[in-house]
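Student: coords below, sequence missing:
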Ligand SMILES: N#Cc1c(N)n[nH]c1N1CCCC1
């Protein structure tokens, strides 16, 4: 089988949401290659906590005694219990998918009423369900796909797609260049030339986080840029045109247009940069600011997983 689903950006491309059918109800979920839980708002939450969201009514079969509890790097989190239900994404069906129903979520999820939960697409080794880890949607369907892969084509300020089971050559230019993935930490982890340390391809992170040295070198070419500790990152005049950022990954090179690196206004005519420091995180995060310049293939067709990058 193959399928494709639209990925619609929230304001300022803060995240990209896809329609997912669970037990016949459509939820709008954040497809996150940086985590591995499929969780949804549910009627088990206090009504005030789920106001404005589509909530799961536990249509599936309960996995008695199973729980989940996830914390994200930005300090947000959620927890709840577990059901098994039919999940469809872009026409691709998992007949018995673990659906993690929330009993509580942190305030940033409650306040983002466009988002009804997450569908994790990192490796199942970091799924948080206890006492038995559960498989991601991709792990559940990959054997039924024409090719064991999915591909992200996020776009700047407009809807993109996730393709399942096939590569759409109309969505990129040049060639797809592949690099090996280290799965030891459960992420789509790879090495980028000229960017020290490990990097992860993470659709669930908004910005591009790279080492201080790379960040400082980039903003040295932005006259109005400075590090603003009150904003927690580099800011600049919204009207300043920004340089492109180019990186070599394997035998290929990807260029992020400068326009994409103006993330959003933070106050008046001051804007927050899309490139920020990864120092303190433990690895670099190639989030949406980078991914929206690419066609990225999350590939398990070989004996070992690999990532493919092409210019979008
Ligand atoms: N922080 C963080 C984070 C990440 N590195 N990948 N996905 C994340 N989130 C998904 C929902 C909230 C944060």
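Tutor: Nice, I can see it. Nothing here was measured: the structure is a model prediction, and the numbers come from that model.

Student: Please count neighbours and contacts with C-alpha atoms only from this point.
Tutor: Fine.

Student: And the contacts of stretch 51-68?
Tutor: 23, 27, 40-43, 79-86, 100-101, 110, 113-116, 128-132 (C-alpha atoms under 8 Å, 6 or more residues apart in numbering).

Student: One more pass at 6 Å, please.
Tutor: Stretch 51-68 is contacted from outside by 41-43, 79-85, 113, 116, 128-130, using C-alpha atoms under 6 Å, 6 or more residues apart in numbering.

Student: Keep only those of those residues that are in helices.
Tutor: Assigned to helices by DSSP state H, none of the contacts of stretch 51-68 qualify.

Student: which of those count as buried?
Tutor: Buried subset of the contacts of stretch 51-68 (neighbour count, 16 or more other C-alpha atoms under 10 Å): 41-43, 79-85, 116, 128-129.

Student: I'd like these laid out as TSV, including distance to the ligand.
Tutor: Output for those, formatted as TSV (distance: C-alpha to the nearest ligand atom, whole Å):
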residue	distance to the ligand
41	13
42	17
43	20
79	13
80	16
81	18
82	19
83	21
84	22
85	22
116	11
128	14
129	16
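
Student: ok, which stretches of the stretch 1-150 of the chain are helices?
Tutor: Secondary structure of the stretch 1-150 of the chain, counting by DSSP state H, counting those that start in this stretch: helices at 107-111, 137-141.

Student: winner for burial among these?
Tutor: helix 137-141 (a mean of 21; mean count of other C-alpha atoms under 10 Å).

Student: Tell me the residues on the stretch 101-250 of the chain that lie near the ligand, please.
Tutor: Proximity of the stretch 101-250 of the chain to the ligand (C-alpha under 6 Å from any ligand atom) is limited to residues 202, 204-205.

Student: Smallest distance to the ligand belongs to which residue of the stretch 151-300 of the chain?
Tutor: Of all residues in the stretch 151-300 of the chain, residue 204 sits closest to the ligand, at 3.8 Å by C-alpha to the nearest ligand atom.

Student: helices and strands around the particular helix or strand that has residue 247 in it, which ones?
Tutor: According to DSSP states H and E, residue 247 maps onto strand 245-249. If you count contacts as 3 or more C-alpha pairs under 6 Å, 6 or more residues apart in numbering; DSSP states H and E, strand 245-249 packs onto strand 252-256.

Student: what sits against residue 294?
Tutor: With contacts defined as C-alpha under 6 Å, 6+ apart, the neighbours of residue 294 are 310-312.

Student: Skipping its backbone neighbours, what lies nearest it in space?
Tutor: residue 312 (4.1 Å; C-alpha to C-alpha, 6 or more residues apart in numbering).

Student: same thing with residue 214?
Tutor: residue 195 (7.2 Å).

Student: The one you found falls within a strand, correct?
Tutor: No. Read with DSSP: H, G, I helix; E, B strand; the rest coil, residue 195 is coil and lies in no strand.

Student: still on that earlier bit, tell me the one among the buried ones among the contacts of stretch 51-68 nearest to residue 238.
Tutor: residue 116 (31.6 Å; C-alpha to C-alpha).

Student: Quick check: the residue nearest to residue 294 touching residue 292?
Tutor: No. If you go by C-alpha atoms under 6 Å, residue 312 and residue 292 don't touch, sitting 7.4 Å apart.

Student: Which of the two has more residues huddled nearby?
Tutor: Shown here are residue 312 and residue 292; by other C-alpha atoms under 10 Å, residue 292 has more neighbours (23 against 20).
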